[in-house]
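[1] below are the sequence and a predicted model for it; my questions follow.
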Amino acid sequence: MNPINDPMTWQGRLPWPGAEAHKHARGRLGVVSGGALSTGAARLAARAGLRIGAGLVKLFCPPDAAPVLAPTLEAVMLASFVSGDQLAELAQPMDAVVIGPAAGLTDATAANVAALARTGAALVIDADALTLFRDRPGDLFACLDRDDVLTPHEGEFERLFPGLLAKGREAAAIEAAERVGCVVVLKGSATVIAAPDGRCVVNGNGAPWLATAGSGDVLAGMIGGLLAQHMDSFDAACAAVWMHADAAGRFGPGLIAEDLPGLIPGVLAGLYPG
Ligand SMILES: NC(=O)C1=CN([C@@H]2O[C@H](COP(=O)(O)OP(=O)(O)OC[C@H]3O[C@@H](n4cnc5c(N)ncnc54)[C@H](O)[C@@H]3O)[C@@H](O)[C@H]2O)[C@@H](O)CC1
Ligand SMILES: Nc1ncnc2c1ncn2[C@@H]1O[C@H](COP(=O)(O)OP(=O)(O)O)[C@@H](O)[C@H]1O
């Protein structure tokens, strides 16, 4: 049995802006959007990344999505790309990038993952960017570094690691993290967070109100926002999972994913030592 995800273990390493902070120094997060009909998931992730403290958040989208996204954005910035190489160029200054939410199960998404892996950014790989590798998981694993984070729900986990869940969720997440060499967040009512060095915790404050479309996209943005602020990837995953559940618990019945980013300031206030 692994320990419960206890805020005491990561609270002291949460990133807070110092007096000399500026937006670039606080951390820059990129989020890759899907096409014109699939922009909402990336917007949820981007907003969550900004709320959790990334100083600057930029959405990267295919050209057809730009006229859809532009009128919906205020603080979140926007740039369009036509190829993996161009995405990598745009992502070069980013500290972290989220890819997967409604990205599309396409060769272009696979090329975008590979291109992002060539940048120095820490990656959060979620949703479609996991599922699309179901027949060739090795191609995804070859792209990963120790500071990256995979965020599968059980369905996505089974697609990448067929049969492994039979060992139990905790053992499966630990073995997956060892195999791929990065942090694995196996989502569910008791989310398991595992690192390649064997660290593993089980989240204990899960709230069933999170069983709503898009809540995982918000979590990906929260992890990305903490990675952008250079929090250690395992700590970032543990902190984001706990804060995401705490936010949902504060709201309770009727929660939809759109509500979650606006709840983050209250969660942060409860953790702020100042
Ligand atoms: N606001 C938005 O635009 C949203 C877009 N989304 C995107 O919509 C696309 C399709 O999402 P889907 O939800 O269909 O894809 P999923 O891969 O989540 O679901 C496909 C199938 O996987 C299985 N599955 C799902 N969750 C599971 C779980 N927790 N445990 C076990 N099996 C599970 C189910 O059989 C389900 O039919 C993705 O690109 C996703 O990122 C979603 O993230 C929801 C919100
Ligand atoms: N019954 C539950 N109790 C607690 N948390 C849950 C429950 N169901 C889902 N969640 C959480 O909600 C999120 C759902 O993410 P995901 O399945 O990727 O949805 P989406 O793709 O719609 O964003 C995860 O963080 C998961 O841990």
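    Alright, I've got the coordinates. Model, not experiment: these values are computed from the prediction. Ligands and ions are numbered 1, 2, ... in the order given.
[2] which positions in the stretch 101-250 of the chain make contact with ligand 2?
    127, 153, 187-189, 191, 206-208, 210-211, 213-217, 219 (CB under 6 Å from any ligand atom). No exception for glycine: its C-beta is placed from N, CA and C like everyone else's.
[3] what subset of the residues you listed is also close to ligand 1?
    127, 153, 213-214, 216-217.
[4] buried only: go through those residues for me.
    The neighbour-count test (16 or more other CB atoms under 10 Å) applied to these identifies 127, 153, 214, 216-217 as buried.
[5] find the pair from the residues you listed with maximum spatial separation.
    With CB to CB as the measure, no two of these lie farther apart than His153 and Gly214, at 12.8 Å.
[6] shared neighbours of these two, anything?
    Counting by CB atoms under 8 Å, 6 or more residues apart in numbering, His153 and Gly214 have no common neighbour.
[7] tell me if Val57 really is in a strand.
    Yes. Assessed by DSSP: H, G, I helix; E, B strand; the rest coil, Val57 belongs to a strand.
[8] OK, now which residue of the protein is nearest to ligand 1?
    Gly155 (2.8 Å; CB to the nearest ligand atom).
[9] right, and Ala79 touches Lys58 too?
    Yes. Between Ala79 and Lys58 there is a contact under CB atoms under 8 Å: 6.1 Å.
[10] just give me the neighbour total for the residue of the chain closest to ligand 1.
    10 (other CB atoms under 10 Å).
[11] which secondary structure element contains it?
    Here Gly155, judged by DSSP states H and E, is contained in helix 154-160.
[12] can you list the helices and strands that that helix packs against?
    helix 128-131, helix 137-141, helix 169-180 (3 or more CB pairs under 8 Å, 6 or more residues apart in numbering; DSSP states H and E).
[13] for the stretch 151-274 of the chain, give the residue positioned nearest to ligand 2.
    Gly216 (2.2 Å).
[14] show me where the stretch 1-150 of the chain has its strands.
    28-32, 56-61, 77-80, 96-99, 122-125, 149-150 (DSSP state E, counting those that start in this stretch).
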